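J.: sequence and predicted structure below; questions after.
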Amino acid sequence: MESALTARDRVGVQDFVLLENHTSEAAFIENLRKRFKENLIYTYIGSVLVSVNPYKDLEIYTKNHMERYRGVNFYEVSPHVYAVSDNSYRSMRTERKDQCILISGESGAGKTEASKKILQYYAVTCPASDQVETVKDRLLQSNPVLEAFGNAKTLRNDNSSRFGKYMDIQFDFKGAPVGGHILNYLLEKSRVVHQNHGERNFHIFYQLIEGGEEDLLRRLGLERNPQQYQYLVKGNCPKVSSINDRSDWKVVRKALSVIGFSEDEVEELLNIIASVLHLGNIQYGGEDSGNAYITTDTQIKYLARLLGVDGLVLKEALTHKTIIAKGEELKSPLNLEQASSARDALSKAVYGRTFTWLVNKINVSLAYKTYKNASVIGLLDIYGFEVFQHNSFEQFCINYCNEKLQQLFIELTLKSEQDEYEAEGITWEPVQYFNNKIICDLVEEKFKGIISILDEECLRPGDASDITFLEKLENTVGGHAHLTTHKLADGKTRKVMGREEFRLLHYAGEVNYNVNGVLSCTHSLCVVHPQVMCMSDNKILTQCFDRAELKDSKRPETAATQFKTSLAKLMEILMSKEPSYVRCIKPNDAKQAGRFDDVLIRHQVKYLGLMENLRVRRAGFAYRRHYETFLQRYKSLCPETWPSWQGKLADGVSTLVKHLGYKPEEYKLGRSKIFIRFPKTLFATEDALETRKHSLASKLQSSWKGYSQKTKYRKLRSSAVVVQAWWRGILACRRAQRKRQAANTIRRFIKGFIYRHNERCPENEYFLDYVRYSFLMKLRRNLPKSVLDKSWPTAPTALIEASEQLRKLYMQNMVWGYCKRINPEWKHQLEQKMVASEIFKNKKDNYPQSVPKLFMGTRLNGEEINPKVLQSLGSETMKYAVPVTKYDRKGYKARPRQLLLTSNCAVIVEEAKLKQRIDYAALKGISVSSLSDGVFVLHVPTEDKKQKGDVVLQSDHIIETLTKVAICADKVNSININQGSITFTMGQGKEGIIDFTSGSELLVAKAKNGHLSVTAPRLNSR
């Protein structure tokens, strides 16, 4: 908690005890405002929690928040309702003593929500069991039932609890919640018969009318219109925008079944609710004598059936009163006012007792069988001190209850303070405070207290009234310092008091109470209701109105006495438990988030007694902590205690406070705690710590960085040494292994080399394998790249045969792959080249020069051949055409011609004339020289008269031309390559000779000897 003090200027202090000006109400409210502005709705007054309703959802109730407060010291974390819950739970578990949490505040201040958060905390953080889930479901389902029968719409709250509730949560020895028990206090029964303008009756009436089925309403005699019932129209507010009565009815019906109500019990319960509405509709008339009589017999019939009583008896009970005096029963008629009061009293009694029965029924479903062995945490959700413009009997009872709670709180707080001081050996200084016992005695003292006077006035024979009660009050306690009336007051006070009011000076301030209707509120049990209701056939009513009441000769207790008795029992319960307190404050009446109404909050601070609580808590020392906690937090402020104190804790704290300069009157040292009197002393210490934190942070950072880097370096160095040693070992092992392998390899290699010529044996197998491997690796690196590459690595003797097989396979594979990749045109080209190679390779000088040159499909295009020639060829397809030179048979004169090859013949053309046609079948052969000239002779038969003799031609493309002729004529083997001369037939039996000689240049001419002389350069030596 101390860590938040550094931001106190912005968010205030977390504990009002630490307020410097703790007696100032303005400072108190300003601290509330600062925290409320920052959504800090919880603040402590010592161990008391002050809660301001934020009217919006805050993210401070998650499971993570629950875990944050679970098992943590009360002051170690920021104020929260979970801290109070956990502190009570841990105290119950460790000290084995029952606890209670008292929640108080105005309507709309968040009391019910606070109790729900406490239940939720226990449901989540306590050990789980099957019984826990069952109890949790029933507890959750009891809420809508109790809200339906005990809550109503008021001017301040649309779902205001109109009763006080004390709930015991029972825990087993494991600390798991296993049961529960509910006590209800001071149900606002007057709301059944009267509501202020803008308010409603209890929710259940509207839920029944709006949500009930048609058959159910018909059986109950009800209409679906709340305006038809006198008890529902006085507030003139049948509908509320924030409430859906129809859907709430379904929730209540389901909840009743979950809790364990049978169908018969639900039916009888609804009969009672409907009967209250019918009672409100009973109308009276007046006789001449002033006696009242009932004018609405229809309502009596409905009531007799719903309540299970005799109609005549009920009718008489509503118009007469019975008084038992000295053992005799006296009946007297009622006037109109008395009869109306009797009717309303019966309605309130029936509803009030039914509500008590309902709570008891819920308790049966929540009961834990072994209750005696269970530990208990009680939750008290009750009204805070109330002061309205008109304060009735209910406000009197509520404020009387708060007087008792304030008395209990002061006593327990002072006792707790005194016990702590004595335990620590600190001198107890008596605290001056307002002891409100005098006010409690004024209300509850026997024979002369206000409640005793009210009972006596209610039960005495004769015409008792509210005014006679006020007069008796003036006569009996008129001289009391804390009570005054209009008659007894001074002139100034009379101006603000009515004649029917009396004023009580409570611990929280003065309150004026109006006596109108006070007798009707408290004497409802003294009329004839028990006699009538005890005869009912309704099982619930027979339990609510016990027949033993009729036989009891004692004077029946009034409502005020009953409340005093139940309050005394509540005080006994609370005194037997260790209390914790939650004070709830409503920040504004408009239920708006973020709005802080100073006047309203000052009013609540006053009537909740918060300033008195603070004054009592601050009467001694404002701050106390265990030595260990204090020394652990502030030890850095003293060189002798920093960084650690080795001696006794008390000595360490003494050394620390002396160094800080504490004055003797500012603190005391107990047995286990230090007590600091003034908040400013703590603030100065906290500010010094905040300043010290910066230098400590720098020092800690540098120390930590140095330590972490040094530790990191040491780890790295040790790791490096380990890795280096390991790696050196690995390298040494590898070197030794390689040496051994190398030695073995060399030994085997040498031995294999010695036995290399022997058959394969263990001595030479490694060497032979190595030789094979080396050859294969060498072959792999030096394989031929193309089919023309004939290189091949030389194989060792043992692998010659295998090498040759590999070479053949590799070459076949290369050739096959090459063939797969060539296209048809290239294949045709190669086929022609193969023919040319077969004919001319190593036979004719100019053949090598023709190899790299591609053979053309033709040497003459269509435009160079006369169309008449093509026409004369007819359907014959021309396969090749080439320009040639023809030498005449006589004189060897050179003449330009064209040689055309078709599929059947070779044709010699001169311009547009076909000079000679040679059928391939008639072609005897072809002669050509071995030199580089282009002269060749086509030999034809001499018997053919169409032929004039052999034809001598010259072509610039001799290899290509003769290859084409050989392919077309299929005369590959008919080409003769001659050396020296060629003899050919000139016709008419004559022969000619062509002489071939080598020279420097190509020359063709007729020689002197009459031969054709051809001189050609030799290009290639064969």
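T.: Thanks, I have it.
J.: which stretches of the stretch 401-550 of the chain aren't confidently modelled?
T.: Applying pLDDT under 70 to the stretch 401-550 of the chain flags the ranges 431-433, 461-462, 520-530, 547-550.
J.: helices of that one, start to end?
T.: Assigned by DSSP state H, counting those that start in this stretch, the helices in the stretch 401-550 of the chain fall at 437-444, 450-459, 466-477, 491-494, 518-522, 529-533, 539-544, 548-551.
J.: you'd agree Val884 is in a strand?
T.: Yes. Residue assignment for Val884, taken from DSSP: H, G, I helix; E, B strand; the rest coil, places it within a strand.
J.: OK, contacts around it?
T.: The neighbours of Val884, taking Cβ atoms under 8 Å, 6 or more residues apart in numbering as the test, are 896-899, 908, 953-955, 961. Backbone N, C-alpha and C define where each C-beta goes, glycine included.
J.: name whatever forms a beta bridge with it.
T.: Taking DSSP bridges, one finds Arg897 as the beta-bridge partners of Val884.
J.: out of the helices of the stretch 401-550 of the chain, nearest to Tyr818?
T.: With Cβ to Cβ, the closest approach to Tyr818 among the helices of the stretch 401-550 of the chain belongs to helix 539-544: 113.6 Å.
J.: show me what that closest one is packed against.
T.: Helix 539-544 is packed against helix 263-280, helix 336-366, with contacts defined by 3 or more Cβ pairs under 8 Å, 6 or more residues apart in numbering; DSSP states H and E.
J.: just to revisit the earlier point, now, among the contacts of Val884, which is nearest to Arg68?
T.: Closest approach to Arg68 among those (Cβ to Cβ): Thr961, at 109.5 Å.
J.: secondary structure element for the closest one?
T.: Using DSSP states H and E, Thr961 sits within helix 958-969.
J.: and the helix or strand just after that helix, what's buried?
T.: On the C-terminal side of helix 958-969, the closest following helix or strand by DSSP H and E is strand 975-978. Neighbour-count burial for strand 975-978 flags 975, 977-978 (criterion: 16 or more other Cβ atoms under 10 Å).
J.: now do stretch 292-308
T.: Under 16+ other Cβ under 10 Å, the buried positions of stretch 292-308 are 292, 294, 299-300, 302-308.
J.: including distance to Tyr920, could those go into JSON lines?
T.: Supplementary listing: the buried residues of stretch 292-308 in JSON lines, determined by distance: Cβ to Cβ, whole Å:
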{"residue": "Ala292", "distance to Tyr920": "157"}
{"residue": "Ile294", "distance to Tyr920": "152"}
{"residue": "Gln299", "distance to Tyr920": "144"}
{"residue": "Ile300", "distance to Tyr920": "148"}
{"residue": "Tyr302", "distance to Tyr920": "140"}
{"residue": "Leu303", "distance to Tyr920": "144"}
{"residue": "Ala304", "distance to Tyr920": "145"}
{"residue": "Arg305", "distance to Tyr920": "140"}
{"residue": "Leu306", "distance to Tyr920": "139"}
{"residue": "Leu307", "distance to Tyr920": "143"}
{"residue": "Gly308", "distance to Tyr920": "142"}
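J.: for Asn402, see how far away Cys440 is.
T.: 11 Å (Cβ to Cβ, to the nearest Å).
J.: quick one: which of those two has more around it?
T.: Taking other Cβ atoms under 10 Å, Cys440 and Asn402 do not tie; Asn402 has more neighbours (24 against 17).
J.: contact partners for the spatially closest residue to Ser536 that is not a sequence neighbour?
T.: Once flanking residues are discounted, Ser536 sits nearest to Gly308: 4.6 Å by Cβ to Cβ, 6 or more residues apart in numbering. With contacts defined as Cβ under 8 Å, 6+ apart, Gly308 is in contact with 271, 536-538, 541.
J.: one more pass at 7 Å, please.
T.: 536-538 (Cβ atoms under 7 Å, 6 or more residues apart in numbering).
J.: what's the pLDDT at Gly327?
T.: As summarised for this prediction, Gly327 has a pLDDT of 60.
J.: thinking again about what came up before, go through the helices and strands packed on helix 539-544 and find the least confident stretch.
T.: Of all the helices and strands packed on helix 539-544, the segment with the smallest mean pLDDT is helix 336-366, scoring a mean of 90.
J.: which strands or helices does the helix or strand just after that helix pack on?
T.: Proceeding N to C from helix 336-366, the next assigned helix or strand is strand 375-383, under DSSP H and E. Packed against strand 375-383, as judged by 3 or more Cβ pairs under 7 Å, 6 or more residues apart in numbering; DSSP states H and E, are the following elements: helix 81-95, strand 99-105, helix 111-125, strand 164-171.
J.: can you give me the strands for the stretch 701-850 of the chain?
T.: Along the stretch 701-850 of the chain, no segments are classed as strands by DSSP state E, counting those that start in this stretch.
J.: and the helices in it?
T.: Counting by DSSP H, counting those that start in this stretch, the stretch 701-850 of the chain has helices at residues 765-781, 800-821, 824-840, 847-850.
J.: low pLDDT regions in the stretch 901-1022 of the chain?
T.: Counting by pLDDT under 70, the low-confidence segments of the stretch 901-1022 of the chain come to 944, 1020-1022.
J.: so Glu666 versus Leu312, what's the distance?
T.: Computed as Cβ to Cβ, the Glu666 to Leu312 distance reads 82 Å.
J.: which of those two has more neighbours?
T.: The residue with the greater number of neighbours, taking Glu666 and Leu312 and applying other Cβ under 10 Å, is Glu666; the counts read 18 against 10.
J.: the more buried one reaches Phe675, doesn't it?
T.: No. Checked against Cβ atoms under 7 Å, the pair Glu666 and Phe675 is beyond contact range at 9.7 Å.
J.: rewinding a little: got the angle between the helix holding Thr961 and helix 824-840?
T.: Comparing the axes of helix 958-969 and helix 824-840 via axes from the mean of the first three to the mean of the last three Cα atoms, to 10 degrees yields an angle of 100 degrees.
J.: go through helix 958-969 and flag the buried ones.
T.: Of the residues in helix 958-969, those buried by neighbour count under the rule 16+ other Cβ under 10 Å are 958-969.
J.: packing partners of it?
T.: Packing contacts for helix 958-969, counted by 3+ Cβ pairs under 7 Å, 6+ apart, involve helix 824-840, helix 847-850, strand 878-887, strand 894-902, strand 925-929.
J.: now do that helix: everything it contacts.
T.: 832, 835-836, 839-840, 846-847, 850, 855-856, 879-880, 882, 901, 906, 920, 923, 926, 928, 934, 936, 955, 972, 975.
J.: out of these, which end up buried?
T.: With neighbours counted using 16+ other Cβ under 10 Å, those contain these buried positions: 832, 835-836, 839-840, 846-847, 850, 855, 880, 882, 901, 906, 920, 923, 926, 928, 934, 936, 955, 975.
J.: quick revisit: quick one: closest of the helices and strands packed on strand 375-383 to Ser247.
T.: Ranking the helices and strands packed on strand 375-383 by their distance to Ser247 (criterion: Cβ to Cβ) puts helix 111-125 first, at 19.7 Å.
J.: let's see the helix or strand following the closest one as PDB, backbone CA atoms only.
T.: Next along the chain after helix 111-125, taking DSSP H and E as the criterion, comes helix 130-150. Once side chains and other backbone atoms are set aside, the C-alpha atoms of helix 130-150 remain, and they are given as PDB (Å, rounded to 0.1, in the frame of the first residue of the first chain):
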ATOM      1  CA  ASP A 130     -19.900 -31.300  -5.800                       C
ATOM      2  CA  GLN A 131     -21.600 -29.800  -2.800                       C
ATOM      3  CA  VAL A 132     -20.100 -26.400  -3.700                       C
ATOM      4  CA  GLU A 133     -21.700 -26.400  -7.100                       C
ATOM      5  CA  THR A 134     -25.100 -27.400  -5.700                       C
ATOM      6  CA  VAL A 135     -25.000 -24.700  -3.000                       C
ATOM      7  CA  LYS A 136     -23.800 -22.100  -5.500                       C
ATOM      8  CA  ASP A 137     -26.700 -22.900  -7.900                       C
ATOM      9  CA  ARG A 138     -29.200 -22.600  -5.000                       C
ATOM     10  CA  LEU A 139     -27.600 -19.400  -3.700                       C
ATOM     11  CA  LEU A 140     -27.700 -17.900  -7.200                       C
ATOM     12  CA  GLN A 141     -31.300 -19.000  -7.700                       C
ATOM     13  CA  SER A 142     -32.400 -17.700  -4.300                       C
ATOM     14  CA  ASN A 143     -31.400 -14.100  -5.400                       C
ATOM     15  CA  PRO A 144     -34.300 -13.600  -7.900                       C
ATOM     16  CA  VAL A 145     -36.800 -15.200  -5.500                       C
ATOM     17  CA  LEU A 146     -35.700 -12.900  -2.600                       C
ATOM     18  CA  GLU A 147     -35.600  -9.900  -4.900                       C
ATOM     19  CA  ALA A 148     -39.100 -10.600  -6.300                       C
ATOM     20  CA  PHE A 149     -40.600 -10.800  -2.700                       C
ATOM     21  CA  GLY A 150     -38.400  -8.300  -0.900                       C
END
